[in-house]
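S.K.: Give the three-dimensional model of this entry:
(chains A and B)
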There are 2 protein chains.
Amino acid sequence: MLTEAELDRVCVVLVRARNPSNIGAVARAMHDFGFSRLRAVNEYPVPFEAAKSAVDASDVMAAAQACANVADAVADCTLVVGTTAVGERHLHHELLPLAAAAPRMLAELRREPTSQNRDGHAGGRVAILFGSEKTGLSNEELSHCNWLLTIPMRNHAGARHVSMNLGQAAAVCLYELVRESGAASAPPAPAVMAQNAGAASGPATAAQLERLTALLNEILDATEYARRHAHNADPAHIRRLVRRIGADAIDAPVWIGILKQILWKLGVPPEEPPRA
Amino acid sequence: MLTEAELDRVCVVLVRARNPSNIGAVARAMHDFGFSRLRAVNEYPVPFEAAKSAVDASDVMAAAQACANVADAVADCTLVVGTTAVGERHLHHELLPLAAAAPRMLAELRREPTSQNRDGHAGGRVAILFGSEKTGLSNEELSHCNWLLTIPMRNHAGARHVSMNLGQAAAVCLYELVRESGAASAPPAPAVMAQNAGAASGPATAAQLERLTALLNEILDATEYARRHAHNADPAHIRRLVRRIGADAIDAPVWIGILKQILWKLGVPPEEPPRA
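M.R.: Model prediction:
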């Protein structure tokens, strides 16, 4: 997880974004992942008002800053990363796929204070630049960047490949940054799986499965299935069949209850006192 | 990287999507990452026409299918994954964060063919369900799912947290799947291998599981179980119960045969011609 302070040191910079609804969509993605610093670089007044309708992102929009140029927008940042769809343009920068870019950005956010850090702050500030929907970032704008990242996409044969939707690109980049922060610190997948195993509980005990097997065998006899499909009804096959369903502990009593009810309806007397 | 065949075995299912521009946005994200199978479940005619303006996604929209219900939309899939923003709702399913969900989906797409795979297909088909913008997936819709995934987001104190924008959520999920395919490239997730190792067959299709569910519901009615244990016999609960057993493709016809035999013995006339 990113701390509040780390989230606060990430700036999303939209350069010449044209469509207010795209600005709103970026703000919403930022809100969803916990980021709040949005800056917009435009030659004309930024259409913030129109974007303020963005669902759930009013706090991000309210704090958004309009900047005269890229230099101003990234002035307080220690790492400036440009986003690009690559295309045919010759790039003068190092280019990393997003998954490789995220650890670098995170390292900057979490760097230790050093004697060279004049401001004495421990963590760096990272700007992520997105260009206009139509043209992306110009070479001049890219020149403010330390390096570039790209979201790997499918090459469609013959298609003049454009870029991703601005809101979607921002969502994917911010997701990857949050994802990486979790991978670096918190325990990964297994912990979460165990935690949620409660949703389905642990596996059934062998005793529960054996009880299920016995009841099922009774049903197969009573319904004449065993006589008609002798191969399928072979006891070992039935036992494997029941093991393969891998019932959860919480479900096993329900299944046992269902099978007992079937036997009751079939008129089969209980072989033993109920213990489901 | 995902192969063309693997990309083709992923279905994105939009359930009750209301806004044509959101459908278009999902189509665009699919196009960007190379996916093409889009299905929409709506009670009224799906606003495909309006969505066809989606930039760059005309091929995806042209091939989009309208489905009458969730069961139809996922019938040919061997793994059905629901997306949820969690919230306060009590979940009955196993829930994985996206980064842990992707390897499982990938393993299903890349599972090996086995001698028991009657259809001879190597890879499974994976459906990813997204609910309506406003309400997400209902419990009934979730009951068609094997398990759920969630995109980890920031909890905003005091905010009634809603979900992500539909197009952004789809973009993030598809990005993660493509990302994982690059990371893993060869060996599937060990846990999943182990889980299926004993089974020696692929999972049942959603259509097989739905057939099992329908037969089981008939039995619960005929045996009066449904009347006596109304809570357990709730249709959504029964559907989840059957999904949780995770029957194999090879076992599903056996289970269907057993349930049909029980119904026959109980004197319940077949509702439809046998197709087990």
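
S.K.: From now on I want contacts and neighbour counts done on CA atoms only, so please keep to that.
M.R.: Noted.

S.K.: The top helix by length along chain A vs chain B: in contact?
M.R.: In chain A, assigned by DSSP state H, the helix with the most residues is helix A:166-184. Yes. Legend: contact between helix A:166-184 and chain B by Cα under 8 Å from any Cα of the partner chain is shown at A:Gly167, A:Gln168, A:Ala171, A:Val172, A:Tyr175, A:Arg179.

S.K.: number of nearby residues for the closest residue in space to A:Gln65 that isn't next to it in sequence?
M.R.: The shortest distance from A:Gln65 to any non-neighbouring residue, by Cα to Cα, 6 or more residues apart in numbering or on different chains, is to A:Arg39 (4.7 Å). Using other Cα atoms under 10 Å in any protein chain shown, A:Arg39 has 24 neighbouring residues.

S.K.: what's the distance between A:Arg39 and A:Asn217?
M.R.: Per Cα to Cα, to the nearest Å, A:Arg39 is found 69 Å from A:Asn217.

S.K.: Please apply the same query to A:Ala204.
M.R.: For A:Ala204, the distance to A:Asn217 (Cα to Cα) stands at 19 Å.

S.K.: With A:Val80 instead?
M.R.: 68 Å.

S.K.: And for A:Asp59?
M.R.: 63 Å.

S.K.: In terms of neighbours, single out the busier of those two.
M.R.: A:Asn217 (19 against 14).

S.K.: I'd like the distance from the helix or strand harbouring that one to the chain centre, please.
M.R.: A:Asn217 is located in helix A:206-222, with elements delineated by DSSP states H and E. Relative to its parent chain, helix A:206-222 has a centroid offset of 42 Å by Cα atoms, centre = their mean, to the nearest Å.

S.K.: Repeat that for stretch A:101-113.
M.R.: 20 Å.

S.K.: ok but the residue nearest to A:Gln65 is inside a strand, no?
M.R.: Yes. Assessed by DSSP: H, G, I helix; E, B strand; the rest coil, A:Arg39 belongs to a strand.

S.K.: Number of residues surrounding A:Pro47?
M.R.: There are 18 residues near A:Pro47, going by other Cα under 10 Å.

S.K.: With just CA atoms, put the helix or strand A:Ile128 falls within into CSV.
M.R.: Per DSSP H and E: A:Ile128 is located in strand A:126-130. The C-alpha coordinates for strand A:126-130 follow below in CSV (Å, rounded to 0.1, in the frame of the first residue of the first chain):
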residue,chain,number,x,y,z
VAL,A,126,6.9,11.9,-9.2
ALA,A,127,5.1,13.4,-12.1
ILE,A,128,3.3,11.3,-14.7
LEU,A,129,2.6,13.2,-17.9
PHE,A,130,-0.2,12.4,-20.3
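
S.K.: got the contact list for it?
M.R.: Outside strand A:126-130, the residues that touch it by Cα atoms under 8 Å, 6 or more residues apart in numbering or on different chains are A:9-15, A:74, A:77-84, A:105, A:108-109, A:136-137, A:166, A:170.

S.K.: Now tabulate the residues of helix A:166-184 next to chain B in TSV and tack on pLDDT.
M.R.: TSV is the format used below for those (pLDDT from 0 to 100):
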residue	pLDDT
A:Gly167	95
A:Gln168	96
A:Ala171	97
A:Val172	98
A:Tyr175	97
A:Arg179	93
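
S.K.: so A:Thr83 makes contact with A:Thr150?
M.R.: Yes. The pair A:Thr83 / A:Thr150 is scored as a contact, 5.7 Å apart, by Cα atoms under 8 Å.

S.K.: Settle it for me: which of the two has more neighbours?
M.R.: In this view A:Thr83 and A:Thr150 are compared by other Cα under 10 Å, and A:Thr83 has more residues nearby, 25 against 19.

S.K.: tell me the contacts of the more buried one?
M.R.: Applying Cα under 8 Å, 6+ apart, the residues near A:Thr83 are A:Ile128, A:Leu129, A:Phe130, A:Gly131, A:Leu137, A:Leu148, A:Leu149, A:Thr150.

S.K.: By neighbour count, which of those wins?
M.R.: A:Leu129 (29 neighbours).

S.K.: Could you measure from that residue over to chain B?
M.R.: 18 Å (Cα to the nearest Cα, to the nearest Å).

S.K.: What confidence value was assigned to that residue?
M.R.: Per-residue pLDDT puts A:Leu129 at 97.

S.K.: Please apply the same query to A:His93.
M.R.: So, for A:His93, pLDDT stands at 81.

S.K.: Over to it. Which of the three states is it?
M.R.: A:His93 - assigned by three-state DSSP - is coil.

S.K.: The helix or strand containing A:Val80: partners in the sheet, and parallel or antiparallel?
M.R.: Element membership for A:Val80, per DSSP H and E: strand A:79-83. Strand A:79-83 has its sheet partners listed here by DSSP bridges as strand A:126-130 (parallel), strand A:147-150 (parallel).

S.K.: In CSV, list the C-alpha atoms belonging to that strand.
M.R.: Written as CSV, here are the backbone C-alpha positions of strand A:79-83 (Å, rounded to 0.1, in the frame of the first residue of the first chain):
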residue,chain,number,x,y,z
LEU,A,79,11.2,12.3,-11.3
VAL,A,80,9.2,13.2,-14.4
VAL,A,81,7.9,10.3,-16.5
GLY,A,82,6.2,10.7,-19.8
THR,A,83,3.6,8.3,-21.2
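
S.K.: circling back to that earlier point, who does the residue nearest to A:Gln65 form a beta bridge with?
M.R.: Here A:Arg39, judged by DSSP bridges, has bridge partners A:Val13, A:Gln65.
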